[in-house]
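**Student:** Structure for the following, please:
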Amino acid sequence: MLPWQRLELVALLGTLILGTADHAQARGSRHSLDQGPNRSPPYADIVVDDNSGQVLHQVKPDEPRHPASLTKIMTLYLLFEQLDAGALKLDTPLPVSAKASLQPPTKLSLKVNQTITVDDAIGGIVTRSANDAAVVVAEAIGGNEEEFAKFMTQKARTLGMTNTTYVNASGLPAEEQITTARDQAILGRAIHDRFPSYYRYFSTLSFRYHGVDIHNHNSLLGHVEGVDGIKTGYTEASGYNLASSVHRSDKHIVAVVLGETSNSARDARMRLLIEEYIRQASTQRTTERTLPISVDAPVRDDTKVDAAPTTVESAPGAAAGKSAIKDNFEK
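**Tutor:** This next block holds a predicted model:
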């Protein structure tokens, strides 16, 4: 056997081993997804009744998936903590680094050495899913994106998101950036309950920045009764993702769809889940918003504001690839 044939055999065996790895391995500390060039992203979903905490529907809710720009929900969670603690204000100018300015689309096309206010950064992230704005926020809070990603993962653990790991603030392709449908539902409930005044940003239909109107990628807003957020996401490795929060009368559900095959399929699937399971949701609050681990909001050492520790209020704990950067366009 020639040397190159041996290498091909080793590669083939590695692929077969990866493809037959059991579910327990998939939920280990280092997750990976088999994403070959002709393989479609795997599907998962969940619908949770926020009043009761009951799971109304689920498909593979604990299997690892790439979050894509659903990542930015956690980025904003940590930013909202800073606002809540007084370490940042909505009119605080945030500096744009060279790294932030060089992020691929989608973006606000921020320029190095300019600044963007916290308020505009939130608007750009919520509507256009701006990758450059996400990095600006990460660097303002963590000093650099890598440290901020550690804060993100730590926060995920305190919220009960036991199967989520973050390595960047935007959701751009990264093999180790892994989540689950259940974890995203936990985060969706937590950010709504913890920051009701800031959560309103997720309902933004249109955001005006430098004279340009930017429309929200979430096409269910304003078109499906009761939808008030939360976030879309797409990369080639993740497929089409959507987390939705829906209020109708006294009912509130959070639903997550991961790995759909197109914008239209994702939205159609979410509509079906909403209409089917909002009817089964409770009108009475029967579960408390319990506190997991109480931690301080991370604040940079050079922050002028002396922020008080923040008690993290969360949703109940969980009961429970590498892709070309050009493929990370939000749809």
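
**Student:** Poorly predicted segments of the stretch 1-150 of the chain, please.
**Tutor:** 1-39 (pLDDT under 70).

**Student:** Tell me which stretches of it form strands.
**Tutor:** 44-49, 55-59, 93-95, 115-117 (DSSP state E, counting those that start in this stretch).

**Student:** Looking at those, which is nearest to residue 269?
**Tutor:** strand 44-49 (7.3 Å; Cβ to Cβ). Heads up, the C-betas are built off the backbone N, CA and C, glycines and all.

**Student:** can you pull the buried residues of that closest one?
**Tutor:** 44-49 (16 or more other Cβ atoms under 10 Å).

**Student:** mind exporting that strand as PDB, just the C-alpha atoms?
**Tutor:** Extracted in PDB, the C-alpha atoms of strand 44-49 (Å, rounded to 0.1, in the frame of the first residue of the first chain):
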ATOM      1  CA  ALA A  44     -33.700  20.100  16.300                       C
ATOM      2  CA  ASP A  45     -36.400  22.100  18.000                       C
ATOM      3  CA  ILE A  46     -38.200  22.700  21.300                       C
ATOM      4  CA  VAL A  47     -41.200  24.600  22.600                       C
ATOM      5  CA  VAL A  48     -41.300  25.600  26.300                       C
ATOM      6  CA  ASP A  49     -44.300  27.000  28.300                       C
END
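
**Student:** Numbering from 52 from now on, please.
**Tutor:** Got it, the first residue is 52 from now on, which makes the last one we talked about strand 95-100.

**Student:** circling back to that earlier point, and the strands of the stretch 52-201 of the chain: which comes nearest residue 203?
**Tutor:** That would be strand 144-146 among the strands of the stretch 52-201 of the chain, by Cβ to Cβ, at 17.4 Å.

**Student:** how far does that closest one sit from the chain's center?
**Tutor:** Put simply, strand 144-146 sits 23 Å off its chain's centre (Cα atoms, centre = their mean, to the nearest Å).

**Student:** Same check on stretch 296-307?
**Tutor:** 18 Å.

**Student:** Quick check: mean pLDDT of that stretch?
**Tutor:** What stretch 296-307 shows for mean pLDDT is 97.

**Student:** Between the two ends of it, what distance do you get?
**Tutor:** 9 Å (Cα to Cα, to the nearest Å).

**Student:** coming back round to it: got the strands of the stretch 52-201 of the chain as CSV, with distance to residue 254 columns?
**Tutor:** Shown next, in CSV, are these (distance: least, Cβ to Cβ, whole Å):
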stretch, distance to residue 254
strand 95-100, 19
strand 106-110, 23
strand 144-146, 23
strand 166-168, 20
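
**Student:** out of those, which comes closest to residue 296?
**Tutor:** With Cβ to Cβ as the yardstick, what comes closest out of the strands of the stretch 52-201 of the chain is strand 95-100 (10.3 Å).

**Student:** tell me how far that closest one is from the chain's mean position?
**Tutor:** Using Cα atoms, centre = their mean, the distance between the centre of strand 95-100 and that of its chain works out at 15 Å.

**Student:** For that strand, name the packing helices and strands.
**Tutor:** For strand 95-100, the packing partners by 3 or more Cβ pairs under 8 Å, 6 or more residues apart in numbering; DSSP states H and E come out as strand 106-110, helix 232-245, strand 302-311, helix 314-328.

**Student:** How about residues contacting the shortest one?
**Tutor:** Residues outside strand 106-110 that contact it (Cβ atoms under 8 Å, 6 or more residues apart in numbering) are 94-100, 112, 232-233, 304, 324, 327-328, 331-332, 370.

**Student:** redo that, cut-off 10 Å
**Tutor:** 94-100, 112, 232-233, 236, 304, 306-310, 324, 327-333, 370-371 (Cβ atoms under 10 Å, 6 or more residues apart in numbering).

**Student:** ok, of these, which come out buried?
**Tutor:** Buried members of the contacts of strand 106-110, scored by 16+ other Cβ under 10 Å, are 94-100, 112, 232-233, 236, 304, 306-310, 324, 328-329, 332-333.

**Student:** re the thing from before, now distance to residue 164 too, for the buried residues of strand 95-100, in a markdown table please.
**Tutor:** Formatted as a markdown table, the buried residues of strand 95-100 follow (distance: Cβ to Cβ, whole Å):
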| residue | distance to residue 164 |
| --- | --- |
| 95 | 42 |
| 96 | 43 |
| 97 | 43 |
| 98 | 45 |
| 99 | 44 |
| 100 | 48 |
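
**Student:** how far away is the closest residue to residue 303 other than its chain neighbours from residue 271?
**Tutor:** Nearest residue to residue 303 in three dimensions, chain neighbours excluded: residue 101, at 4.1 Å (Cβ to Cβ, 6 or more residues apart in numbering). Relative to residue 271, residue 101 is positioned 17 Å away (Cβ to Cβ, to the nearest Å).

**Student:** the more surrounded of those two?
**Tutor:** Taking other Cβ atoms under 10 Å, residue 101 and residue 271 do not tie; residue 101 has more neighbours (25 against 21).

**Student:** Alright, I will stop here.
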